[in-house]
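[1] I would like the atomic coordinates for the input below:
(4 chains)
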There are 4 protein chains.
Amino acid sequence: MRFFSDNAAAAHPRVIEAIAASNRLDTAYDGDGWSQQLDGVFSELFETEVRALWVTTGTAANCLALAALCPPYGAILCHKDAHIENDEAGAPGFFTGGAKLMLLDGPGAKVAPDAVAAACDRIRKDVHQVQPAALSITNATEYGLAYRSGEVAALGRLAKERGLNFHMDGARLANALVTTGESLADMTWRAGVDALSFGFVKNGGLNAEALIMFRTELADEIAVRRKRAGHLASKGRMLAAQILALLDEDLWLDNARAANAAAQILAQAAPARLAFPVEANEVFLKVTAEESANLRGLGFDFYEWGPGEIRLVTSWDQRGEDVERLASAIARL
Amino acid sequence: MRFFSDNAAAAHPRVIEAIAASNRLDTAYDGDGWSQQLDGVFSELFETEVRALWVTTGTAANCLALAALCPPYGAILCHKDAHIENDEAGAPGFFTGGAKLMLLDGPGAKVAPDAVAAACDRIRKDVHQVQPAALSITNATEYGLAYRSGEVAALGRLAKERGLNFHMDGARLANALVTTGESLADMTWRAGVDALSFGFVKNGGLNAEALIMFRTELADEIAVRRKRAGHLASKGRMLAAQILALLDEDLWLDNARAANAAAQILAQAAPARLAFPVEANEVFLKVTAEESANLRGLGFDFYEWGPGEIRLVTSWDQRGEDVERLASAIARL
Amino acid sequence: MRFFSDNAAAAHPRVIEAIAASNRLDTAYDGDGWSQQLDGVFSELFETEVRALWVTTGTAANCLALAALCPPYGAILCHKDAHIENDEAGAPGFFTGGAKLMLLDGPGAKVAPDAVAAACDRIRKDVHQVQPAALSITNATEYGLAYRSGEVAALGRLAKERGLNFHMDGARLANALVTTGESLADMTWRAGVDALSFGFVKNGGLNAEALIMFRTELADEIAVRRKRAGHLASKGRMLAAQILALLDEDLWLDNARAANAAAQILAQAAPARLAFPVEANEVFLKVTAEESANLRGLGFDFYEWGPGEIRLVTSWDQRGEDVERLASAIARL
Amino acid sequence: MRFFSDNAAAAHPRVIEAIAASNRLDTAYDGDGWSQQLDGVFSELFETEVRALWVTTGTAANCLALAALCPPYGAILCHKDAHIENDEAGAPGFFTGGAKLMLLDGPGAKVAPDAVAAACDRIRKDVHQVQPAALSITNATEYGLAYRSGEVAALGRLAKERGLNFHMDGARLANALVTTGESLADMTWRAGVDALSFGFVKNGGLNAEALIMFRTELADEIAVRRKRAGHLASKGRMLAAQILALLDEDLWLDNARAANAAAQILAQAAPARLAFPVEANEVFLKVTAEESANLRGLGFDFYEWGPGEIRLVTSWDQRGEDVERLASAIARL
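    Presented below is the predicted three-dimensional model:
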């Protein structure tokens, strides 16, 4: 019974069907009928004109965006627990040509405007110090907290004032939207976001993510960088098709709802043990080493987050009975 | 009737089936049961111990290998018509951190030892000139010529003498093997190749290529570079599964044979028009603009290679009747 | 008797005096009184507002300019014999983050508009091929030819049409100006040049070159890149002071005149042996191996340019008697 | 009366004389008679065989070393107040091709073995996290503390255990040696240091620093990187000559002694106000904004380090009377 990572879950059957259905000769790269729909479909979804490119990993989505938003000699402000800092093998440095991550603190991996302002103020405006050029936040955060659109908008205003481009890592954006009930538009471009890594792989996709440019003039450069990074798949239709399948009839939102609901069941089993409020599909629990071993002994798999803490992640396809069993086990600890 | 590119062809049905069959929860990234088989399966295939990593594009395979084989301040010798020079958006410069491609000439995009030696000799041994550090060849070449293992071995010996690491871009290696009847081992590591981009996408795969390291000590570094370049898919089992499906019962060789056979039919329709011998699945024909328009008028799609020349590429799934029709049309020109 | 390179000549005594005179406490980096004069002095010299930064080598000047004029994913058009291609250890790739040099041919290392246009036309406008973004020429060329301002202007117009930024490597610009009698303004910004590496080291300087930005908005970025490349000397006054000393009373032009005059004496000794017209301070002579050995035997030092060719370079301080002796020796061959 | 930075001080007259004396034709780059002495002179000084290269800035020395000691995909451990983190415009990212600085804490900008071990332990040994590859310390530190050779040796042993290459930024190494009375050998290679940025510019030099490789096999690569970064001056003799002048008769130690002595006078004027022990030529004083203004009103110039703290830096040529006046003024605060 796996609560290890949504990364490892199966793809939704409709995604596999879409891949199979798209398996026929068409124009290579992104000239095919599926890829060519993305700009239109996402523009409708976001209620504004956007450009959308498929990529195959979240790391690629994040770092292609950051390379367009930050020069090699600039800095990207992000939380010290951000995925781009901790889990991408230095990909931001690679894609940008050596830009620096400037780390912010804050509870639950959430970035607050004060922290951004303070970091900018610490930097002398001279050529000796790397100047902040971009801000990147993750929504939902790496600890499963969801930004509200008002919070994002406050960061967006500050970014504009300070001359920072604004990127959102939305690997689990669907989970945040389901929790907050906010619209895609409010959560992103209306709040000042310039580019979004729109995650599908953790949410029922197989290997396709979307990179959304609200500043559409960035798209041509990013398309070149995508090819240059070896990310322009020749049979790109299989990537576009799975994204379209997930968007169809809001399957992506259904998937996120299912994962979030499972997380809520776990959260309610032991509210006093929660390290953070549960606003997405991740549950961080305070447990002793013995308790952790106990849960493993019962057949549950999960991530040891550190001494005295475990991370449980639920997926769109988490079996209800497994969730119930784990909730009971937690309650009994 | 498409003779435009093998890049655009459908994947083989057994590949799609393998992806569907692998669509269940397993360890993320390359910890799953499929990915874990690759080292063993390829070691058997190559009759020596190798390390094998999946990647999603040929550009990624080539450039991850080159980044491990050439320092940022070195040069990679390759043909002026090589894919890495002309069709990868400068990816070698990106992955290596600024290494230089040093271009060689030679008929049919084939690299001869003399050209390699002459290029090395032209470079002064000082810090002002970029020193050659690697050699990269494409087999079959961009013009559809197949190296024989003896030719590769001659280059391999020279590379060793000159201190050059040796990479082979095998996007169409299957086609070359089928034509020459040589073994994988003879064509690669026994001939001195250090790393091979083993192509599957042009040969019935969907989006998986294999990067084979004959110098196994390179694999750990390349695995890090793969992640850093955003190429470590979280559900990597879908990539490994399709490679395993193509290797199973030599499907990859059957596919290459089918594509090559179709190319031969076209070649024999007008031997006098051939710009190069046809040794893989590419046919370069000398035709006038009028003749080219004529063929298009009959419903055939292909690439205008330049004034007076067209490129026809056949795929594993090219329909026999289309091939016959095109052959007749060519013969009638 | 050295005719090996103007790189190795002594600095002019007034340069050494200026360094000594500037050796007192002042603001560090380029905040001192000498450095602060550069923008004004060069603006007057060029008859337009420019920004001017000192750097310590021509390679740094060239490559800092190119990094601002060409994105990492672009190409720089230059002659195949250009210094940036042959003698800078791949520095353009390093400073730009992997941009590509796209090589042009043409007699005497001179770039003609036709060659530029043809190179651009060869590139497909897609994401697979690296798109030209900049043009770099050397004046005087690596073979000692001087562009006329009309020639530069023709390239400048073409660059503008094709969307190329335009850089001039002026390591020997003084020599070209002296020969052509043209003005700095006509030869550079009025002809469409965006940034100029203005050489002093080969012309009586010790270790200071100037980087001139005619598009003044580039200067702030280049100033950051200069620091980031470790080129912001803390006692920069010694660099500014020597440039000011060379500009004072046109010492730089006097130096170039002296070097050019010496070259003319050599050229006239054997006009039939000249590989190129002599329009700067470099003389390329066709001589046999035996003749070359003969000259060496007489105590002359020079560069063997290749089989059957030698390069003689004169400096601002070449002794008249040495020049006469070499001219006689050449005439006697 | 300047106590702002040792960066801005005049060069020692013997340095200027040496530059003037070296101003004659010799082999270009580092083939001249002065440059060719460096390996030997430094080998004697360090009591072991070393390779030594001149460069023109401390940033270049540090980052050329780091580029050879850390791969693009690795991390360099350093103090969060290190010069390479705060004052080099991201040069480590540029020279290494995107390596990451992993920041350590510790009083007085000093790195302790525990902090290094803890940072290493925090990193999972997988491809998702950037792995530490090098350690860099500054001696004397950015707050003017001197490591003892035993402290360096403890770090050196740990570095070896953890597989970290070890770099020392010795911009003020002379000051540390004078304070501690330790030998160059004990403080560096005997303590496990692989490469040293040996500072001269802050200590009476004009624009020459030395990069010392104790692992001599690194030197050829670094020499190439130096050229590629535009740091191979063509009249390098002026750089070598000034280093030789400073080494001659231990002028470099005399200079450091003078600067340290001046700092001690300031320190003793108000021991209770010292933010850190004074072990080099930097004095950090706790003063109110009013007191700071008071000192400025008396004609003293210095750096406001932050609220309630100022930095006073003394140079080799600080005038005794200025020092006495400032000491009195501080005592009177």
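
[2] so what's the backbone phi/psi at the residue of the stretch 151-300 of chain A found nearest chain B?
    Going by CB to the nearest CB, chain B is nearest to residue A:230 of the stretch 151-300 of chain A, at 3.2 Å. (Glycine included, C-beta is placed from N, CA and C.) As for residue A:230, its main-chain torsions (degrees, to the nearest 10) stand at phi 70, psi 30.

[3] Isn't residue A:273 up against residue A:330?
    Yes - using CB atoms under 8 Å, residue A:273 is in contact with residue A:330, at 7.4 Å.

[4] Could you tell me which residues touch both of those two?
    Shared contacts of residue A:273 and residue A:330, defined by CB atoms under 8 Å, 6 or more residues apart in numbering or on different chains, are found at residue A:285.

[5] Looking at the two, which one has more neighbours?
    residue A:330 (23 against 18; other CB atoms under 10 Å in any protein chain shown).

[6] ok, that one to chain D distance?
    Taking CB to the nearest CB, to the nearest Å as the measure, residue A:330 falls 26 Å from chain D.

[7] quick one, what contacts that residue?
    A:266, A:269-270, A:273, A:285, A:295.

[8] Go again with 6 Å.
    Residue A:330 sits next to A:269-270 when contact means CB atoms under 6 Å, 6 or more residues apart in numbering or on different chains.

[9] In three-state terms, label it for me.
    helix (DSSP: H, G, I helix; E, B strand; the rest coil).

[10] Centroid-wise, who is the farthest residue in chain A?
    Centroid-distance maximum for chain A: residue A:126 at 33.8 Å, with CA atoms, centre = their mean.

[11] Assumed it was part of a helix.
    No - under three-state DSSP, residue A:126 sits outside any helix and is assigned coil.

[12] quick one: it from residue C:227, how far?
    Using CB to CB, to the nearest Å, residue A:126 is found at 9 Å from residue C:227.

[13] again, but for residue A:147
    Taken as CB to CB, the span from residue A:147 to residue C:227 is 36 Å.

[14] what number of residues lie near the residue of the stretch 51-200 of chain A found nearest chain C?
    Here the residue of the stretch 51-200 of chain A nearest chain C is residue A:97; by CB to the nearest CB that distance is 3.8 Å. Number of residues near residue A:97 (other CB under 10 Å) recorded here: 24.

[15] repeat for residue A:333
    Going by other CB under 10 Å, the residues that sit close to residue A:333 add up to 15.

[16] next one: residue A:22
    For residue A:22, using other CB under 10 Å, the count is 26.

[17] List the residues that contact the spatially closest residue to it that is not a sequence neighbour.
    Using CB to CB, 6 or more residues apart in numbering or on different chains and skipping residues adjacent in sequence, the residue nearest residue A:22 is residue A:241, 3.8 Å away. The contact partners of residue A:241, taken as CB under 6 Å, 6+ apart, are A:18-19, A:22, A:34.

[18] any chance of those in JSON lines, plus secondary structure and pLDDT?
    Formatted as JSON lines, those follow (DSSP: H, G, I helix; E, B strand; the rest coil; pLDDT from 0 to 100):
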{"residue": "A:18", "secondary structure": "helix", "pLDDT": "98"}
{"residue": "A:19", "secondary structure": "helix", "pLDDT": "98"}
{"residue": "A:22", "secondary structure": "coil", "pLDDT": "97"}
{"residue": "A:34", "secondary structure": "coil", "pLDDT": "98"}
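
[19] quick check, the lengthiest strand in chain A touching chain D?
    Ranked by number of residues, the top strand in chain A under DSSP state E is strand A:131-138. No - Strand A:131-138 lies apart from chain D when judged by CB under 6 Å from any CB of the partner chain; the minimum separation is 9.0 Å.

[20] Against which helices or strands is that strand packed?
    Secondary-structure packing of strand A:131-138 (3 or more CB pairs under 6 Å, 6 or more residues apart in numbering or on different chains; DSSP states H and E): strand A:74-79, strand A:165-170.

[21] and the spatially closest residue to residue A:287 that is not a sequence neighbour, backbone torsions?
    Counting by CB to CB, 6+ apart, residue A:287 lies nearest to residue A:310, which is 5.6 Å off, once chain neighbours are set aside. Dihedral pair for residue A:310: phi -130, psi 160, per degrees, to the nearest 10.

[22] swap in residue A:265?
    Dihedral angles for residue A:265 - degrees, to the nearest 10 - are phi -60, psi -40.

[23] and if you look at the one 10 residues further on?
    Backbone torsions of residue A:275, given as degrees, to the nearest 10, read phi -80, psi -30.

[24] Near the closest residue to residue A:140 other than its chain neighbours, how many other residues are there?
    Spatial nearest neighbour of residue A:140, chain neighbours left out: residue A:280 (3.7 Å); criterion: CB to CB, 6+ apart. By other CB under 10 Å, 29 other residues sit near residue A:280.

[25] helices and strands around the one helix or strand residue A:220 maps to, which ones?
    Following DSSP states H and E, one finds residue A:220 within helix A:219-228. For helix A:219-228, the packing partners by 3+ CB pairs under 6 Å, 6+ apart come out as helix A:58-69.

[26] Let me know the angle separating the helix it packs on from helix B:219-228.
    Counting by axes from the mean of the first three to the mean of the last three CA atoms, to 10 degrees, helix A:58-69 points 60 degrees away from the direction of helix B:219-228.

[27] coming back round to it: mean confidence (pLDDT) on the helix or strand containing the residue nearest to residue A:22, please.
    For residue A:241, the element it lies in under DSSP H and E is helix A:237-247. Mean per-residue pLDDT for helix A:237-247: 98.

[28] How far off centre is it?
    Chain-centre distance of helix A:237-247: 18 Å, with CA atoms, centre = their mean, to the nearest Å.

[29] relative to helix B:237-247, how tilted is that helix?
    140 degrees.

[30] buried sites along helix A:237-247?
    Buried residues in helix A:237-247, defined by neighbour count with 16 or more other CB atoms under 10 Å in any protein chain shown: A:237-247.

[31] Which helix or strand contains the residue nearest to residue A:140?
    Counting by DSSP H and E, residue A:280 is part of no helix or strand.

[32] hmm, back to that, the residue nearest to residue A:287 and chain C, how far apart?
    42 Å.

[33] what comes up buried for the helix-or-strand element of chain A with minimal mean pLDDT?
    Ranked by mean pLDDT, DSSP states H and E, the weakest helix or strand in chain A is strand A:303-306, scoring a mean of 90. Buried residues in strand A:303-306, defined by neighbour count with 16+ other CB under 10 Å: residue A:305.
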